[in-house]
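Enquirer: Pasting the sequence and the predicted model now:
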Amino acid sequence: MTVYDGNRNLVAALSYFLGFITGIVILLVEKDDKFIRFHAMQSTLVFGAIFVADIILGAVIGAVPILNLINSLFNTLVFIVALIVWIVSMLKAFQGQMFKWPVVGNFAERQIK
């Protein structure tokens, strides 16, 4: 279902703006609106997971000097995926849609109820 409420949708979209940072801030500030809280929780989970995975895998792959090319390719791939997720998430939130990413979306929805 698509509902357009300018301020509400804008705040939901802004929860993705700086990844998990804005997601956490909006979760702490917004207490009532489940739509905004869903997007803030999903932002926190998705971008937090991408951030942690990038650091851990970068450290593991980067620890072996001969794998520097693989590390560079991996970082590029993570950046492209994160950029696509970021753009799609912000657009869907701004359009008023409860767009759920696989696995994380259902978990985020359960956490805000």
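Expert: Received, thanks. It should be emphasised that the depicted structure is a prediction, and the values quoted were computed from it without experimental measurement.
Enquirer: on contacts alone, who are the packing partners of the host helix or strand of residue 46?
Expert: According to DSSP states H and E, residue 46 maps onto helix 34-62. Secondary-structure packing of helix 34-62 (3 or more Cβ pairs under 8 Å, 6 or more residues apart in numbering; DSSP states H and E): helix 6-14, helix 20-29, helix 68-94, helix 104-112. (Each C-beta comes from the backbone N, C-alpha and C, glycine too.)
Enquirer: What are the buried residues along the third one?
Expert: Under the neighbour-count criterion of 16 or more other Cβ atoms under 10 Å, helix 68-94 has 71, 74, 78, 82, 85, 86, 89, 90, 92, 93, 94 buried.
Enquirer: got the angle between it and helix 104-112?
Expert: 60 degrees (axes from the mean of the first three to the mean of the last three Cα atoms, to 10 degrees).
Enquirer: so how far is helix 68-94 from its chain's centroid?
Expert: The chain centroid and the centroid of helix 68-94 are separated by 10 Å under Cα atoms, centre = their mean, to the nearest Å.
Enquirer: That one packs against which elements?
Expert: Here helix 68-94 touches helix 6-14, helix 34-62, going by 3+ Cβ pairs under 8 Å, 6+ apart.
Enquirer: Need those helices in CSV (columns: distance to residue 108, mean neighbour count and mean pLDDT).
Expert: Compiled in CSV, these are given as follows (distance: least, Cβ to Cβ, whole Å; neighbours: other Cβ atoms under 10 Å; pLDDT from 0 to 100):
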stretch, distance to residue 108, mean neighbour count, mean pLDDT
helix 6-14, 12, 18, 89
helix 34-62, 4, 19, 90
